[in-house]
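Undergrad: sequence first, then the predicted structure:
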Amino acid sequence: MPTNSNLRRPPLDKAVAEVRLAVRQSLSGNVNEGETVLVALSGGPDSLALAAATAFEAVKQGISAGAVIVDHGLQERSADVASHAANQARALGLNPVIETRVQVADAGGPEAAARTARYEAFESALAGTGASALLLGHTLDDQAETVLLGLARGSGSGSLMGMAPVSGRYLRPLLGVRRESTHAACAAEGLEPWIDPHNTDQAFTRVRVREKVLPVLERELGPGIAEALARTAEQLREDTEAFDSMIDEFIEEICEPAEAGIAVSISALAANPAALRNRIIRMVALSEFGQSLSRMHTIAIAALVTDWRGQGPIDVPGISVRRNGGLLEFSARAPEVG
């Protein structure tokens, strides 16, 4: 007769447990029982570990879980990679499993174009299945790389906040999980991930950050750089969300309709610190016209308030801004004909 020790289950692998816990917490806070979620599955270790954990946790929470596999058609045998990922998803019990091939445009660079095509496929999959959320496999390492790239480009707090754990219907459960854990989880569960050759191609800036810059920082400044960058993003996001909420209320008090746009009180802008003034200008441009202003454009518009010498109007992408009495008027610009 077998003893109790013989019947005892082997301990759950630490990496598998870590990934499952991250997925459990993400699902429980954002998805209701009876709903459907999709996992964006490339077949790589991050998304494969995520898919396995989602398949396990979804059943426990009464959630249906499927997968969407996007073939960008940018590499040899990409269709085979996509087909293999789809078979892995089915073996994990995910349903539905959606395979889609996209056409990647030439404009904007290959990375940006591929991302645009990918997210269009995600939106189509969400609409077609009625899924309430799509899970993405970005890890803490991806977050650290994003923050470091944003810092190097001087692109402001928006980039330094990195990626959000929740962005509309997109969930990123693994932003607190290191990449080494997703690799270890795949190994522990006997899953064979695809290794994307682009992830070691140093023609890509992100790969150079991953393989050269971060290791140098770890070596020269000590371990924990990736975690510190991720913490910075999280703290900045908390501050920014609170700040933006207060600004939303303030904007309603100082804005009024104007011909072909919106007008903001110059005295209210002038009475506030530069950080608040510039953020209001950026938020008006984004919320009313869908335009993200660069710092150079923001400062030029702010000069209409703080350094008025009769200049203007200021033309920036999609918007024209002019000073009219006590108001700063924003109006839509006609698209340029090239």
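TA: Structure received. Residues are numbered from 1 along each chain as shown.

Undergrad: in what helix or strand does the spatially most central residue of the chain lie?
TA: Relative to the mean C-alpha position of the chain, the nearest C-alpha, by Cα atoms, centre = their mean, is the one of M163, at 3.9 Å. Using DSSP states H and E, M163 sits in no helix or strand.

Undergrad: so it touches L175, yeah?
TA: Yes - counting by Cβ atoms under 8 Å, M163 does reach L175; the two are 6.6 Å apart. To be clear about C-beta, it is placed using only N, CA and C from the backbone, and glycine gets the same treatment.

Undergrad: find residues that contact each of those two.
TA: Residues touching both M163 and L175 by Cβ atoms under 8 Å, 6 or more residues apart in numbering: H138, D142, Q143.

Undergrad: contacting residues around the first one?
TA: The contact partners of H138, by Cβ under 8 Å, 6+ apart, come to D46, M163, R172, L174, L175.

Undergrad: are we agreed that G66 is in a helix?
TA: No - counting by DSSP: H, G, I helix; E, B strand; the rest coil, G66 is not part of a helix but strand.

Undergrad: from now on call the first residue 662
TA: Got it, first residue is 662 now, which makes that one G727.

Undergrad: and it, what pLDDT?
TA: What the model reports as pLDDT for G727 is 98.

Undergrad: from the shared contacts of M824 and L836, pick the one nearest G789.
TA: H799 (23.4 Å; Cβ to Cβ).

Undergrad: in the stretch 762-911 of the chain, which spans are helices?
TA: Using DSSP state H, counting those that start in this stretch, the helices of the stretch 762-911 of the chain run over 771-790, 801-814, 818-821, 840-849, 866-869, 875-882, 886-915.

Undergrad: what's the least confident stretch among these?
TA: Lowest mean pLDDT of those: helix 818-821, a mean of 72.

Undergrad: about what we covered before: tell me the least confident of the contacts of H799?
TA: Among these, M824 carries the weakest pLDDT, at 91.

Undergrad: state the distance from I856 to P706.
TA: According to Cβ to Cβ, to the nearest Å, I856 and P706 sit 8 Å apart.

Undergrad: which one of the two has more residues nearby?
TA: Counted by other Cβ atoms under 10 Å, I856 and P706 do not tie: P706 has more neighbours, with 26 against 12.

Undergrad: pLDDT score for the more buried one?
TA: Listed pLDDT for P706 reads 96.

Undergrad: swap in A825?
TA: According to the prediction, A825 has pLDDT 92.

Undergrad: pull the contacting residues for the nearest residue to A786 once chain neighbours are set aside.
TA: Computed as Cβ to Cβ, 6 or more residues apart in numbering, the closest residue to A786 that is not its neighbour in sequence is V729, at 4.2 Å. Going by Cβ under 8 Å, 6+ apart, V729 touches L699, V700, A701, L702, V758, I759, T761, A782, F783, A786, L795.
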